[in-house]
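Peer 1: Pasting a predicted model and its sequence here:
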Amino acid sequence: MTDTPIDTDEVLTALTARIGTTLEQTGSEFPYVADPATELWETTSDGNWCGGHWVHALWLAYDHTGEERFADAAREHTDIVVDSMVRPSMFCGMNFHYAGFRAYDITGEDRYRDLGIEGADEMVSYYHHGARQIALGTLEIDGPSSEFRGPESDEGPSGDSLGAVDAIYTSLPVLWRAYRETGDPIYRDTAISHADRHLDWYIREDGSTWHHAEFDLETGELRRQYNELAYSDETCWARGQGWCIAGLARAYEETGAERYLDALEHTTAYYRDHVPDDLVPFWDFEHPDRPNIPRDTSCAVLTAYGLTRLSETPETADLRSFGEDVLESLSQNYLTPVDADDERHPGIVLEGCFNGPSGYADRHELVWSLYYMTSMTHAVR
(Lines give C-alpha, C1' and ligand atoms only; values in the text may rest on other atoms or scores of the structure.)
Protein backbone atom coordinates (compact mmCIF):
# COMPACT_ATOMS: atom_id res chain seq x y z
CA MET A 1 0.00 0.00 0.00
CA THR A 2 1.02 3.59 -0.57
CA ASP A 3 0.05 6.89 1.00
CA THR A 4 -1.45 8.10 -2.28
CA PRO A 5 -5.26 8.04 -2.15
CA ILE A 6 -6.99 6.26 -5.00
CA ASP A 7 -8.69 8.15 -7.79
CA THR A 8 -12.12 6.49 -7.78
CA ASP A 9 -13.05 8.01 -11.15
CA GLU A 10 -9.93 6.47 -12.67
CA VAL A 11 -10.68 3.12 -11.04
CA LEU A 12 -14.30 3.20 -12.23
CA THR A 13 -13.18 4.04 -15.76
CA ALA A 14 -10.82 1.04 -15.77
CA LEU A 15 -13.52 -1.29 -14.43
CA THR A 16 -16.05 -0.02 -16.96
CA ALA A 17 -13.52 -0.62 -19.72
CA ARG A 18 -13.16 -4.20 -18.50
CA ILE A 19 -16.93 -4.66 -18.61
CA GLY A 20 -16.72 -3.48 -22.22
CA THR A 21 -13.94 -5.87 -23.26
CA THR A 22 -15.72 -8.68 -21.41
CA LEU A 23 -18.97 -8.01 -23.28
CA GLU A 24 -17.10 -7.99 -26.59
CA GLN A 25 -15.65 -11.39 -25.80
CA THR A 26 -18.68 -13.11 -24.25
CA GLY A 27 -21.61 -11.74 -26.25
CA SER A 28 -24.86 -13.39 -25.15
CA GLU A 29 -23.01 -15.73 -22.76
CA PHE A 30 -22.30 -14.87 -19.12
CA PRO A 31 -18.71 -14.36 -17.94
CA TYR A 32 -17.78 -16.56 -14.98
CA VAL A 33 -14.04 -16.84 -14.35
CA ALA A 34 -11.01 -15.76 -16.40
CA ASP A 35 -7.33 -16.65 -16.31
CA PRO A 36 -5.39 -13.34 -16.17
CA ALA A 37 -2.60 -14.94 -18.20
CA THR A 38 -4.92 -15.24 -21.22
CA GLU A 39 -7.63 -12.72 -20.22
CA LEU A 40 -10.17 -15.17 -21.67
CA TRP A 41 -13.42 -15.81 -19.85
CA GLU A 42 -14.97 -19.16 -19.13
CA THR A 43 -18.69 -18.62 -19.62
CA THR A 44 -22.06 -20.06 -18.71
CA SER A 45 -25.18 -19.91 -20.84
CA ASP A 46 -27.45 -18.68 -18.07
CA GLY A 47 -25.29 -16.99 -15.43
CA ASN A 48 -25.54 -19.95 -13.05
CA TRP A 49 -25.56 -18.60 -9.46
CA CYS A 50 -24.19 -15.14 -10.30
CA GLY A 51 -25.91 -13.96 -13.49
CA GLY A 52 -27.39 -10.95 -11.73
CA HIS A 53 -23.90 -9.63 -11.06
CA TRP A 54 -23.23 -9.41 -14.79
CA VAL A 55 -26.62 -7.83 -15.51
CA HIS A 56 -26.13 -5.02 -13.01
CA ALA A 57 -22.48 -4.55 -14.04
CA LEU A 58 -23.81 -3.88 -17.54
CA TRP A 59 -26.32 -1.36 -16.18
CA LEU A 60 -23.55 0.38 -14.22
CA ALA A 61 -21.44 0.59 -17.37
CA TYR A 62 -24.43 2.09 -19.18
CA ASP A 63 -25.01 4.58 -16.37
CA HIS A 64 -21.34 5.62 -16.45
CA THR A 65 -20.94 5.87 -20.23
CA GLY A 66 -24.40 6.28 -21.73
CA GLU A 67 -23.52 3.62 -24.33
CA GLU A 68 -26.66 1.80 -25.47
CA ARG A 69 -24.75 -1.44 -26.11
CA PHE A 70 -24.57 -1.96 -22.34
CA ALA A 71 -28.30 -1.35 -21.84
CA ASP A 72 -29.18 -3.66 -24.73
CA ALA A 73 -26.97 -6.41 -23.31
CA ALA A 74 -28.39 -5.91 -19.81
CA ARG A 75 -31.93 -6.40 -21.09
CA GLU A 76 -30.97 -9.47 -23.11
CA HIS A 77 -29.18 -11.09 -20.19
CA THR A 78 -32.02 -10.24 -17.79
CA ASP A 79 -34.44 -12.25 -19.91
CA ILE A 80 -32.10 -15.24 -19.72
CA VAL A 81 -31.71 -14.97 -15.94
CA VAL A 82 -35.47 -14.75 -15.41
CA ASP A 83 -36.14 -17.78 -17.62
CA SER A 84 -33.38 -19.98 -16.20
CA MET A 85 -33.08 -19.05 -12.52
CA VAL A 86 -33.93 -21.89 -10.15
CA ARG A 87 -36.50 -20.46 -7.75
CA PRO A 88 -35.95 -22.66 -4.67
CA SER A 89 -32.45 -21.26 -4.15
CA MET A 90 -30.89 -18.61 -1.94
CA PHE A 91 -29.32 -17.18 -5.11
CA CYS A 92 -32.67 -16.32 -6.68
CA GLY A 93 -33.12 -13.38 -4.31
CA MET A 94 -29.67 -11.99 -5.08
CA ASN A 95 -30.03 -12.35 -8.84
CA PHE A 96 -33.49 -10.78 -8.96
CA HIS A 97 -32.31 -8.01 -6.65
CA TYR A 98 -29.49 -7.04 -9.01
CA ALA A 99 -31.39 -7.66 -12.26
CA GLY A 100 -34.57 -6.19 -10.76
CA PHE A 101 -34.38 -3.51 -8.08
CA ARG A 102 -30.92 -2.30 -9.09
CA ALA A 103 -32.00 -2.02 -12.75
CA TYR A 104 -35.11 -0.13 -11.63
CA ASP A 105 -32.87 2.40 -9.85
CA ILE A 106 -31.18 3.20 -13.15
CA THR A 107 -34.06 2.86 -15.63
CA GLY A 108 -37.15 3.66 -13.56
CA GLU A 109 -38.97 0.86 -15.40
CA ASP A 110 -41.64 -0.79 -13.24
CA ARG A 111 -41.03 -4.24 -14.68
CA TYR A 112 -37.65 -4.31 -12.95
CA ARG A 113 -39.22 -3.29 -9.66
CA ASP A 114 -41.70 -6.13 -10.14
CA LEU A 115 -38.81 -8.54 -10.74
CA GLY A 116 -37.22 -7.46 -7.47
CA ILE A 117 -40.46 -8.08 -5.60
CA GLU A 118 -40.75 -11.48 -7.26
CA GLY A 119 -37.28 -12.33 -5.92
CA ALA A 120 -38.31 -11.27 -2.42
CA ASP A 121 -41.49 -13.36 -2.67
CA GLU A 122 -39.42 -16.38 -3.64
CA MET A 123 -37.24 -15.90 -0.55
CA VAL A 124 -40.29 -15.67 1.70
CA SER A 125 -41.74 -18.79 0.07
CA TYR A 126 -38.51 -20.76 0.51
CA TYR A 127 -37.95 -19.64 4.12
CA HIS A 128 -37.98 -22.59 6.55
CA HIS A 129 -39.85 -21.48 9.67
CA GLY A 130 -38.41 -24.18 11.93
CA ALA A 131 -34.79 -23.53 10.97
CA ARG A 132 -35.42 -19.80 10.47
CA GLN A 133 -33.29 -20.04 7.35
CA ILE A 134 -33.51 -19.54 3.62
CA ALA A 135 -31.73 -22.68 2.53
CA LEU A 136 -29.00 -23.13 -0.06
CA GLY A 137 -31.47 -24.72 -2.46
CA THR A 138 -31.39 -26.93 -5.50
CA LEU A 139 -29.39 -24.90 -8.02
CA GLU A 140 -26.36 -26.87 -9.21
CA ILE A 141 -23.34 -24.59 -8.98
CA ASP A 142 -21.18 -24.73 -12.08
CA GLY A 143 -17.75 -26.06 -11.15
CA PRO A 144 -16.18 -29.14 -9.59
CA SER A 145 -19.33 -30.73 -8.16
CA SER A 146 -17.43 -32.98 -5.78
CA GLU A 147 -16.33 -29.86 -3.93
CA PHE A 148 -19.67 -28.05 -3.92
CA ARG A 149 -22.05 -30.30 -2.03
CA GLY A 150 -20.79 -31.18 1.39
CA PRO A 151 -17.96 -33.37 2.62
CA GLU A 152 -19.44 -36.49 1.02
CA SER A 153 -19.87 -34.87 -2.42
CA ASP A 154 -22.86 -36.36 -4.25
CA GLU A 155 -23.96 -38.14 -1.08
CA GLY A 156 -23.96 -34.94 0.96
CA PRO A 157 -27.02 -33.27 2.48
CA SER A 158 -29.84 -31.92 0.37
CA GLY A 159 -29.68 -28.23 -0.40
CA ASP A 160 -33.21 -27.94 1.01
CA SER A 161 -31.86 -28.72 4.48
CA LEU A 162 -28.58 -26.85 4.23
CA GLY A 163 -28.02 -23.29 5.35
CA ALA A 164 -24.99 -21.27 4.25
CA VAL A 165 -23.03 -18.36 5.67
CA ASP A 166 -23.39 -16.47 2.39
CA ALA A 167 -27.20 -16.48 2.58
CA ILE A 168 -27.17 -13.44 4.86
CA TYR A 169 -26.05 -11.49 1.81
CA THR A 170 -27.40 -13.49 -1.12
CA SER A 171 -30.94 -13.80 0.28
CA LEU A 172 -31.66 -10.86 2.58
CA PRO A 173 -30.94 -7.59 0.71
CA VAL A 174 -33.84 -8.22 -1.68
CA LEU A 175 -36.08 -8.59 1.36
CA TRP A 176 -34.91 -5.36 2.97
CA ARG A 177 -35.53 -3.55 -0.31
CA ALA A 178 -38.95 -5.12 -0.86
CA TYR A 179 -40.01 -3.97 2.60
CA ARG A 180 -38.96 -0.40 1.81
CA GLU A 181 -40.79 -0.56 -1.53
CA THR A 182 -44.04 -2.04 -0.25
CA GLY A 183 -44.20 -1.60 3.52
CA ASP A 184 -45.23 -5.26 3.85
CA PRO A 185 -43.74 -6.51 7.16
CA ILE A 186 -43.44 -10.09 5.90
CA TYR A 187 -40.27 -9.10 4.06
CA ARG A 188 -38.68 -7.35 7.06
CA ASP A 189 -39.72 -10.06 9.51
CA THR A 190 -38.32 -12.85 7.33
CA ALA A 191 -35.02 -11.02 6.93
CA ILE A 192 -34.69 -10.32 10.66
CA SER A 193 -35.55 -13.89 11.64
CA HIS A 194 -32.95 -15.29 9.24
CA ALA A 195 -30.31 -12.75 10.33
CA ASP A 196 -30.89 -13.55 14.01
CA ARG A 197 -30.46 -17.26 13.37
CA HIS A 198 -27.31 -16.42 11.42
CA LEU A 199 -25.82 -14.97 14.61
CA ASP A 200 -26.42 -18.28 16.37
CA TRP A 201 -25.38 -20.74 13.70
CA TYR A 202 -22.53 -19.22 11.70
CA ILE A 203 -20.42 -16.91 13.88
CA ARG A 204 -17.94 -18.67 16.15
CA GLU A 205 -16.61 -17.39 19.44
CA ASP A 206 -13.42 -15.99 17.88
CA GLY A 207 -15.34 -14.11 15.17
CA SER A 208 -14.63 -16.60 12.39
CA THR A 209 -17.48 -18.28 10.54
CA TRP A 210 -18.84 -21.68 9.66
CA HIS A 211 -19.69 -22.29 6.01
CA HIS A 212 -22.67 -24.62 6.39
CA ALA A 213 -25.33 -25.52 8.93
CA GLU A 214 -27.34 -28.65 8.21
CA PHE A 215 -30.78 -28.77 9.80
CA ASP A 216 -33.59 -31.29 10.16
CA LEU A 217 -36.04 -30.69 7.34
CA GLU A 218 -39.02 -31.60 9.53
CA THR A 219 -38.20 -29.76 12.75
CA GLY A 220 -35.58 -27.21 11.72
CA GLU A 221 -33.27 -28.42 14.50
CA LEU A 222 -29.56 -27.91 13.90
CA ARG A 223 -27.81 -31.17 13.06
CA ARG A 224 -24.23 -30.07 12.49
CA GLN A 225 -21.99 -27.25 11.27
CA TYR A 226 -19.13 -27.83 8.87
CA ASN A 227 -16.87 -26.16 6.31
CA GLU A 228 -17.08 -27.10 2.65
CA LEU A 229 -14.83 -24.52 1.01
CA ALA A 230 -12.35 -24.07 3.85
CA TYR A 231 -9.27 -26.19 4.48
CA SER A 232 -10.96 -27.92 7.42
CA ASP A 233 -13.65 -27.53 10.06
CA GLU A 234 -11.07 -25.88 12.31
CA THR A 235 -10.21 -23.10 9.83
CA CYS A 236 -12.18 -20.36 8.07
CA TRP A 237 -13.22 -19.98 4.42
CA ALA A 238 -12.26 -16.42 3.53
CA ARG A 239 -15.04 -15.55 1.08
CA GLY A 240 -17.62 -16.82 3.55
CA GLN A 241 -16.26 -14.31 6.05
CA GLY A 242 -16.60 -11.60 3.40
CA TRP A 243 -20.21 -12.54 2.67
CA CYS A 244 -20.92 -12.47 6.40
CA ILE A 245 -19.39 -9.03 6.90
CA ALA A 246 -21.29 -7.58 3.93
CA GLY A 247 -24.54 -9.12 5.13
CA LEU A 248 -24.16 -7.93 8.72
CA ALA A 249 -23.34 -4.42 7.52
CA ARG A 250 -26.55 -4.41 5.50
CA ALA A 251 -28.60 -5.80 8.40
CA TYR A 252 -27.31 -3.06 10.69
CA GLU A 253 -28.01 -0.35 8.11
CA GLU A 254 -31.58 -1.58 7.68
CA THR A 255 -32.43 -2.02 11.35
CA GLY A 256 -29.99 -0.08 13.52
CA ALA A 257 -29.97 -3.13 15.82
CA GLU A 258 -26.93 -3.23 18.10
CA ARG A 259 -26.68 -7.01 17.89
CA TYR A 260 -25.81 -6.77 14.21
CA LEU A 261 -23.26 -4.02 14.81
CA ASP A 262 -21.66 -6.08 17.58
CA ALA A 263 -21.44 -9.11 15.29
CA LEU A 264 -20.09 -6.95 12.47
CA GLU A 265 -17.34 -5.57 14.70
CA HIS A 266 -16.51 -9.08 15.90
CA THR A 267 -16.25 -10.66 12.45
CA THR A 268 -14.35 -7.67 11.06
CA ALA A 269 -11.90 -7.87 13.98
CA TYR A 270 -11.22 -11.50 13.07
CA TYR A 271 -10.56 -10.44 9.47
CA ARG A 272 -8.17 -7.69 10.58
CA ASP A 273 -6.30 -10.00 12.95
CA HIS A 274 -5.78 -12.76 10.37
CA VAL A 275 -5.04 -10.85 7.17
CA PRO A 276 -1.63 -10.02 5.66
CA ASP A 277 -0.32 -6.46 5.71
CA ASP A 278 -1.95 -5.59 2.38
CA LEU A 279 -5.39 -6.51 3.83
CA VAL A 280 -6.16 -9.20 1.23
CA PRO A 281 -6.54 -12.65 2.81
CA PHE A 282 -5.48 -16.08 1.71
CA TRP A 283 -8.42 -18.22 0.57
CA ASP A 284 -8.50 -19.75 4.04
CA PHE A 285 -7.55 -17.43 6.90
CA GLU A 286 -5.87 -20.22 8.89
CA HIS A 287 -4.62 -22.61 6.20
CA PRO A 288 -1.46 -24.31 7.56
CA ASP A 289 0.40 -23.76 4.27
CA ARG A 290 -0.03 -20.00 4.08
CA PRO A 291 1.67 -17.91 2.72
CA ASN A 292 2.25 -20.53 0.00
CA ILE A 293 -1.40 -20.64 -1.08
CA PRO A 294 -3.47 -18.30 -3.26
CA ARG A 295 -5.09 -15.12 -1.96
CA ASP A 296 -8.77 -14.38 -2.45
CA THR A 297 -9.47 -10.82 -3.53
CA SER A 298 -13.18 -11.64 -3.77
CA CYS A 299 -13.27 -11.87 0.02
CA ALA A 300 -11.58 -8.48 0.30
CA VAL A 301 -13.93 -6.97 -2.28
CA LEU A 302 -17.00 -8.18 -0.39
CA THR A 303 -15.60 -6.90 2.90
CA ALA A 304 -14.83 -3.48 1.46
CA TYR A 305 -18.18 -3.38 -0.32
CA GLY A 306 -20.10 -4.01 2.89
CA LEU A 307 -18.10 -1.65 5.09
CA THR A 308 -17.86 1.30 2.70
CA ARG A 309 -21.64 1.33 2.31
CA LEU A 310 -22.18 1.94 6.03
CA SER A 311 -23.61 5.31 6.95
CA GLU A 312 -21.13 7.92 8.16
CA THR A 313 -21.79 7.83 11.90
CA PRO A 314 -19.47 7.73 14.91
CA GLU A 315 -20.52 4.14 15.57
CA THR A 316 -19.38 2.97 12.16
CA ALA A 317 -16.49 5.35 11.45
CA ASP A 318 -13.74 2.82 12.18
CA LEU A 319 -15.45 0.10 10.15
CA ARG A 320 -15.92 2.44 7.17
CA SER A 321 -12.31 3.55 7.41
CA PHE A 322 -11.11 -0.04 7.36
CA GLY A 323 -13.29 -0.78 4.34
CA GLU A 324 -11.76 2.20 2.54
CA ASP A 325 -8.28 0.88 3.37
CA VAL A 326 -9.16 -2.51 1.87
CA LEU A 327 -10.55 -0.82 -1.26
CA GLU A 328 -7.37 1.25 -1.56
CA SER A 329 -5.18 -1.84 -1.39
CA LEU A 330 -7.29 -3.68 -3.96
CA SER A 331 -7.15 -0.71 -6.33
CA GLN A 332 -3.42 -0.18 -5.97
CA ASN A 333 -2.16 -3.75 -5.79
CA TYR A 334 -4.65 -6.06 -7.48
CA LEU A 335 -6.27 -4.06 -10.30
CA THR A 336 -4.66 -3.89 -13.72
CA PRO A 337 -2.55 -2.14 -14.75
CA VAL A 338 -0.48 -2.80 -11.65
CA ASP A 339 2.53 -0.92 -13.06
CA ALA A 340 3.67 0.95 -16.14
CA ASP A 341 4.74 -2.27 -17.88
CA ASP A 342 1.41 -4.07 -17.39
CA GLU A 343 -0.07 -4.54 -20.88
CA ARG A 344 -3.17 -6.48 -19.82
CA HIS A 345 -6.65 -5.05 -20.26
CA PRO A 346 -7.33 -2.40 -17.62
CA GLY A 347 -9.79 -3.22 -14.85
CA ILE A 348 -8.93 -6.88 -14.20
CA VAL A 349 -9.33 -7.73 -10.50
CA LEU A 350 -6.49 -10.19 -9.93
CA GLU A 351 -6.02 -13.12 -7.53
CA GLY A 352 -9.59 -14.26 -6.98
CA CYS A 353 -10.01 -17.79 -5.61
CA PHE A 354 -13.29 -19.46 -6.49
CA ASN A 355 -12.64 -22.89 -4.96
CA GLY A 356 -9.50 -23.40 -2.90
CA PRO A 357 -9.94 -27.07 -1.90
CA SER A 358 -10.21 -28.21 -5.52
CA GLY A 359 -7.82 -25.64 -7.00
CA TYR A 360 -10.54 -24.54 -9.41
CA ALA A 361 -10.09 -20.95 -10.66
CA ASP A 362 -7.91 -20.21 -7.66
CA ARG A 363 -5.84 -17.32 -9.11
CA HIS A 364 -8.45 -15.88 -11.45
CA GLU A 365 -10.59 -12.95 -12.37
CA LEU A 366 -14.11 -13.53 -11.03
CA VAL A 367 -17.21 -11.82 -12.41
CA TRP A 368 -18.62 -11.09 -8.95
CA SER A 369 -15.41 -9.31 -7.96
CA LEU A 370 -15.64 -7.19 -11.11
CA TYR A 371 -19.23 -6.36 -10.19
CA TYR A 372 -18.67 -5.45 -6.53
CA MET A 373 -15.60 -3.35 -7.32
CA THR A 374 -17.57 -1.49 -9.98
CA SER A 375 -20.61 -1.01 -7.77
CA MET A 376 -18.49 0.17 -4.87
CA THR A 377 -16.50 2.73 -6.82
CA HIS A 378 -19.65 3.85 -8.65
CA ALA A 379 -21.21 4.60 -5.25
CA VAL A 380 -18.25 6.31 -3.51
CA ARG A 381 -16.71 8.29 -6.40
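Peer 2: Arrived safely, thanks for sending.
Peer 1: Walking through the stretch 251-381 of the chain, point out its helices one by one.
Peer 2: 258-273, 297-308, 317-333, 367-380 (DSSP state H, counting those that start in this stretch).
Peer 1: So which of the ones you listed is nearest residue 56?
Peer 2: Closest approach to residue 56 among the helices of the stretch 251-381 of the chain is made by helix 367-380 (6.5 Å; Cβ to Cβ). Every residue, glycine included, has its C-beta placed from N, CA and C.
Peer 1: List the buried residues for that closest one?
Peer 2: Residues of helix 367-380 classed as buried by neighbour count (16 or more other Cβ atoms under 10 Å): 367-378, 380.
Peer 1: just stretch 216-226 next, same as before
Peer 2: Residues of stretch 216-226 classed as buried under the neighbour-count rule (16+ other Cβ under 10 Å) are 217, 222, 225, 226.
Peer 1: got it, and stretch 62-72?
Peer 2: Of the residues in stretch 62-72, those buried by neighbour count under the rule 16+ other Cβ under 10 Å are 62, 63, 64, 70, 71.
Peer 1: go on, stretch 256-268?
Peer 2: The neighbour-count check on stretch 256-268 (16+ other Cβ under 10 Å) flags 260, 261, 263, 264, 265, 266, 267, 268 as buried.
Peer 1: Tell me how far residue 93 lies from residue 319.
Peer 2: Note on residue 93: its distance to residue 319, by Cβ to Cβ, to the nearest Å, is 25 Å.
Peer 1: what about those two, which has more around it?
Peer 2: Neighbours were tallied for residue 93 and for residue 319 using other Cβ atoms under 10 Å; the higher tally belongs to residue 93 (33 against 22).
Peer 1: Which strand or helix spans the more buried one?
Peer 2: Under DSSP states H and E, the secondary-structure element containing residue 93 is helix 90-96.
Peer 1: and if you look at residue 51?
Peer 2: Secondary-structure assignment from DSSP H and E places residue 51 in helix 51-65.
Peer 1: so how far is the helix or strand following that helix from its chain's centroid?
Peer 2: Per DSSP H and E, the first helix or strand lying C-terminal to helix 51-65 is helix 68-84. The gap between where helix 68-84 is centred and where its chain is centred comes out at 20 Å by Cα atoms, centre = their mean, to the nearest Å.
Peer 1: before we move on, back to that, pull the residues that contact the following helix or strand past the helix holding residue 93.
Peer 2: Moving toward the C-terminus from helix 90-96, the next helix or strand (DSSP H and E) is helix 102-107. Helix 102-107 has contacts (Cβ atoms under 8 Å, 6 or more residues apart in numbering) with 55-56, 59-60, 62-63, 71, 74, 78, 109-110, 112-113, 115-116.
Peer 1: ok, the residues you listed vs residue 299, which is closest?
Peer 2: Sorting the contacts of helix 102-107 by how near they are to residue 299, with Cβ to Cβ, puts residue 56 at the top with 20.1 Å.
Peer 1: Name the residues of stretch 230-250 that come out as buried.
Peer 2: Applying a neighbour-count criterion of 16+ other Cβ under 10 Å, the buried positions in stretch 230-250 are 230-231, 235-250.
Peer 1: Could you list the low-pLDDT ranges of this protein?
Peer 2: For the chain, the stretches flagged by pLDDT under 70 are 1-4, 145-155, 381.
Peer 1: got the contact list for the nearest residue to residue 238 once chain neighbours are set aside?
Peer 2: By the measure of Cβ to Cβ, 6 or more residues apart in numbering, the closest residue to residue 238 outside its immediate chain neighbours is residue 299, 4.0 Å from it. By Cβ under 8 Å, 6+ apart, the contact set of residue 299 is 238, 239, 241, 242, 280, 281, 283.
Peer 1: Quick check: most distant residue from the centroid of the chain.
Peer 2: Note on the chain: the largest separation between a C-alpha and the mean C-alpha position, by Cα atoms, centre = their mean, falls on residue 341 (31.2 Å).
Peer 1: who touches the closest residue to residue 375 other than its chain neighbours in this structure?
Peer 2: Counting by Cβ to Cβ, 6+ apart, residue 60 is the residue found nearest to residue 375 once chain neighbours are left out, at 6.3 Å. Taking Cβ under 8 Å, 6+ apart as the criterion, residue 60 is in contact with 16, 19, 106, 374, 375, 378.
Peer 1: do residue 310 as well
Peer 2: If a contact means Cβ under 8 Å, 6+ apart, then residue 310 has 249, 252, 253, 316, 319, 320, 323 as its contacts.
Peer 1: hmm, back to that, show the buried residues in the contacts of helix 102-107.
Peer 2: 55-56, 59-60, 62-63, 71, 74, 78, 112-113, 115-116.
Peer 1: Out of the residues you listed, flag the one nearest to residue 101.
Peer 2: Out of those, the one with the shortest distance to residue 101 is residue 116. That distance is 3.5 Å, counting by Cβ to Cβ.
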